[in-house]
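Chemist: model this:
(chains A and B)
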Amino acid sequence: DGGITQSPKYLFRKEGQNVTLSCEQNLNHDAMYWYRQDPGQGLRLIYYSQIVNDFQKGDIAEGYSVSREKKESFPLTVTSAQKNPTAFYLCASSRGQGATGELFFGEGSRLTVL
Amino acid sequence: GESVGLHLPTLSVQEGDNSIINCAYSNSASDYFIWYKQESGKGPQFIIDIRSNMDKRQGQRVTVLLNKTVKHLSLQIAATQPGDSAVYFCAERPGNNRLAFGKGNQVVVIP
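Modeler: Predicted coordinates for the structure are as follows:
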């Protein structure tokens, strides 16, 4: 089945550690996105990529990094510079460049900093 | 995630009744709108979308209404079922920019 796969679903991290969240899609979508979701808040855009080897900062990129070496993959690294990393992270993809239509979401990764 | 629904406006609805979820959007230039459903611990799922040249669109058991005059979007769910319990949020697209998401509304279906 086509879709977006995020892993791991749950991740625990000690303060000062970097962690990388995986996002893979087999929908042949050009654009991919990372969002952060906190209780009682809407989705906030961290980074997005409209094409391979290119990505742009979203609204809350500080403390995060991404890469887009392959069309199918858009991993997110939460660095030690992110002051409040505990959150639910959602990866998404869309057909066209930018927000030209519906976003397809993965099942999310919950990161907890101990 | 599991705690997405905390601190959100909550709509409690009896099973079988109709639900209406409201969303006020911010940008009068937005030309495309989407409603998403998010169940506990899962990613958001597309429900229905509507373009700004329409004021109503119907899907299976759902209807989206768009009032551009007051920048208001609503989602109507007919004959609400227990499986409809979730957080619902709208998203708008201001021109060619990225989708902007609302904070969401928690819907609780009472059996």
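
Chemist: Pick out the residue of chain A closest to chain B.
Modeler: Using C-beta to the nearest C-beta, the closest approach of chain A to chain B is made by residue A:40 at 3.1 Å. Where C-beta positions appear, they are placed from N, C-alpha and C, glycine not excepted.

Chemist: which phi and psi does that residue have?
Modeler: Phi and psi for residue A:40, reported as degrees, to the nearest 10, are phi 80, psi 10.

Chemist: Low-confidence bits of the chain, can you list those?
Modeler: In the absence of a named chain, this looks at chain A. For chain A, applying pLDDT under 70 flags the ranges A:1, A:96-100.

Chemist: looking at chain B here, not the other one
Modeler: B:1-7, B:96-97.

Chemist: Repeat the analysis, applying 90 as the threshold.
Modeler: The model of chain B has pLDDT under 90 over residues B:1-9, B:26, B:40-41, B:93-100, B:103.

Chemist: ranges for the strands of it?
Modeler: Assigned by DSSP state E, the strands in chain B fall at B:10-14, B:19-24, B:30-38, B:45-51, B:56-58, B:62-67, B:72-77, B:86-94, B:100-101, B:105-110.

Chemist: Tell me which of those lies nearest to chain A.
Modeler: The nearest among these, by C-beta to the nearest C-beta, is strand B:100-101 at 4.1 Å.

Chemist: Work out the gap between that closest one and the centre of the chain.
Modeler: Taking the mean of its C-alpha atoms, strand B:100-101 sits 12 Å from the chain's own mean (C-alpha atoms, centre = their mean, to the nearest Å).

Chemist: how about it, does it get close to chain A?
Modeler: Yes: counting by C-beta under 8 Å from any C-beta of the partner chain, chain A has neighbours in strand B:100-101: B:100-101.

Chemist: So for chain A, the centremost residue is which one?
Modeler: Centroid-nearest residue in chain A, with C-alpha atoms, centre = their mean: residue A:34, separated by 2.8 Å.

Chemist: Surely it is in contact with residue A:88?
Modeler: No: if you go by C-beta atoms under 8 Å, residue A:34 and residue A:88 don't touch, sitting 11.6 Å apart.

Chemist: and residue A:103, what does it touch?
Modeler: Listed by C-beta atoms under 8 Å, 6 or more residues apart in numbering or on different chains, the contact set of residue A:103 reads A:33, A:92-94, B:34, B:44, B:46, B:91, B:99.

Chemist: Look up phi and psi at it.
Modeler: For residue A:103, the backbone dihedrals (degrees, to the nearest 10) come out as phi -100, psi 140.

Chemist: before we move on, what about residue A:57?
Modeler: Dihedral angles (degrees, to the nearest 10) for residue A:57: phi -70, psi 140.

Chemist: Would you check that it makes contact with residue A:47?
Modeler: Yes: counting by C-beta under 8 Å, residue A:57 does reach residue A:47; the two are 6.1 Å apart.

Chemist: Among those two, which residue is more densely surrounded?
Modeler: Higher neighbour count among residue A:57 and residue A:47: residue A:47, with 22 against 13, using other C-beta atoms under 10 Å in any protein chain shown.

Chemist: Look up the residues forming beta bridges with the closest residue to that one other than its chain neighbours.
Modeler: With C-beta to C-beta, 6 or more residues apart in numbering or on different chains as the criterion, residue A:47 has its nearest non-adjacent residue at 4.4 Å, and that residue is residue A:66. Counting by DSSP bridges, residue A:66 forms beta bridges with residue A:76.
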